[in-house]
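Engineer: The sequence and its predicted three-dimensional model are supplied below.
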Amino acid sequence: MLSAVKNKIEKELKRFLRDINKNYSVSKISPFLFKSIENFVLRSGKRIRPLLFCVGYLGFSKKPAKNFYRSALSLELLHDFMLVHDDIIDKSDTRRGLPSMHRMLDLKLKGYRKIKFSGQDLAIVIGDVIYALAISAFLSIEEKLERKEMALKKFVEAAFYTGSGEFIELLYGKERLENITREYIYKIYDLKTAYYSFACPLSIGAILAGAKKSQYDKLFQYGTYLGRAFQIKDDILGLFYEESKIGKSNLTDLREAKKTILILYAYKNSPKADRFVLKRIFSKSKINKNDLRKVREIITKTGALDKAKLEIIRLVNEAKDILSVSMISAKYKKFLNVYFKEILKL
């Protein structure tokens, strides 16, 4: 079932881009603009958000509405918009194993003379265009107007909270290590990852299918726990896996001085000497592979890595308990359990 739904999403994404190009004459406005968007959004990805949108909907409706899969694309396009801007903030050169949007545009602009703007400037605008496409995709579903309005509010909520999460995470990067708390880290996890990637896609799909508030609230809660687990896994991958495996630099999180559960546990359980090392690294303007090696060593020897893995297990078990009493159909309960077991595997 997973591969079948994902294939439909991939095909619909290509159709959607063709239709957008035709309806808005994007190639006539700028072939450069269209090709840049097409190159980025068609890159290989997990498609977690549209998949969960589909599950949330189909778990409460036996028959999908017209343009259902097109509407599901809105969550993927929202994600793409955020990635474009996120990579600019992070100064990341790669995304999904290829040049990030601003880096790709920098490379294309090399052939132009006397330009007074950069790939970063163009990428900001392209991100805005992709967000507009996300709204267009969302509105395409032919469902009851009341449901669409409620679901759109949840969609906007996802975008708002994610932007807010990015904002406070950047500010929190300046916070001293001794001041970070578990509660604040989870607040950022929820705002920046859990809500828009897991909780909102599931609940938006359910809202459009006609689920009651108590039913889609339960899915939102379920998605929040799994989103936290996924972010902890992502933090582990970001520090312990190589760039070829994760599609981006493994120095990115340290460069941003990201305060994660891993770093919190490592700092709280470190002797004075290692705390000093962590403080020094997190205050540096330039991070290198030797800094990464030292942080890995401290995280491992303090037991922070093992503790983070246990936290993932705890969150998954709590999510399963919530799902077990959810009113979503048994078929999709089973699908969600199998799916999350796979994507949360380290």
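Structural biologist: Ah, there it is.
Engineer: contacts and neighbour counts: CA atoms only from here.
Structural biologist: OK.
Engineer: Excluding chain neighbours, what is closest to Ile298?
Structural biologist: Leaving aside its sequence neighbours, Ile298 sits nearest to Ala266 (Cα to Cα, 6 or more residues apart in numbering; 6.5 Å).
Engineer: Same check on Ile281?
Structural biologist: Asp291 (6.5 Å).
Engineer: Tell me which helix or strand that neighbour sits in.
Structural biologist: Using DSSP states H and E, Asp291 falls within helix 289-301.
Engineer: And that helix, what does it pack against?
Structural biologist: Under the contact definition 3 or more Cα pairs under 8 Å, 6 or more residues apart in numbering; DSSP states H and E, helix 289-301 sits against helix 213-240, helix 261-268, helix 272-282.
Engineer: Would you format those as TSV with mean pLDDT included?
Structural biologist: TSV is the format used below for the helices and strands packed on helix 289-301 (pLDDT from 0 to 100):
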stretch	mean pLDDT
helix 213-240	96
helix 261-268	96
helix 272-282	94
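Engineer: Now mean neighbour count and distance to Ile313 too, for those, in a markdown table please.
Structural biologist: Below are the helices and strands packed on helix 289-301 laid out as a markdown table (neighbours: other Cα atoms under 10 Å; distance: least, Cα to Cα, whole Å):
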| stretch | mean neighbour count | distance to Ile313 |
| --- | --- | --- |
| helix 213-240 | 21 | 8 |
| helix 261-268 | 22 | 14 |
| helix 272-282 | 16 | 27 |
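Engineer: With distance to Gly45 added, can I get those helices in JSON lines?
Structural biologist: Shown next, in JSON lines, are the helices and strands packed on helix 289-301 (distance: least, Cα to Cα, whole Å):
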{"stretch": "helix 213-240", "distance to Gly45": "15"}
{"stretch": "helix 261-268", "distance to Gly45": "25"}
{"stretch": "helix 272-282", "distance to Gly45": "31"}
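Engineer: Compare these and give me the one nearest Lys331.
Structural biologist: Among the helices and strands packed on helix 289-301, helix 213-240 comes nearest to Lys331, with 15.0 Å by Cα to Cα.
Engineer: That closest one packs against which elements?
Structural biologist: Applying 3+ Cα pairs under 8 Å, 6+ apart, one finds that helix 213-240 contacts helix 182-189, helix 200-209, helix 252-255, helix 261-268, helix 289-301, helix 304-324.
Engineer: Compare those and say which comes out lowest on pLDDT.
Structural biologist: Least confident of those, judged by mean pLDDT, is helix 252-255 with a mean of 81.
Engineer: Please work out which residues outside that one touch it.
Structural biologist: Contact partners of helix 252-255, identified using Cα atoms under 8 Å, 6 or more residues apart in numbering, comprise Asp90, Ser92, Gly238, Leu239, Phe282, Ser285, Lys286, Ile287, Leu292.
Engineer: Contact partners for the third one?
Structural biologist: So that's Gly238. Ile246, Ser249, Asn250, Leu251, Thr252, Asp253.
Engineer: For Lys110, state which of those residues is nearest.
Structural biologist: Ser249 (23.5 Å).
Engineer: rewinding a little: which of the contacts of Gly238 are buried?
Structural biologist: Among the contacts of Gly238, the ones that count as buried by 16 or more other Cα atoms under 10 Å are Ile246, Ser249, Asn250, Leu251, Thr252, Asp253.
Engineer: What ranges in this protein fall below the confidence cut-off?
Structural biologist: Where the chain drops to pLDDT under 70, the residues are 113, 244, 247.
Engineer: So if we follow the domain assignment, how does the protein break up?
Structural biologist: What the TED database lists as the domains of the chain is 1-42+66-142, 144-345.
Engineer: first to last residue in the longest one, what's the distance?
Structural biologist: With Cα to Cα, to the nearest Å as the measure, domain 144-345 spans 38 Å from end to end.
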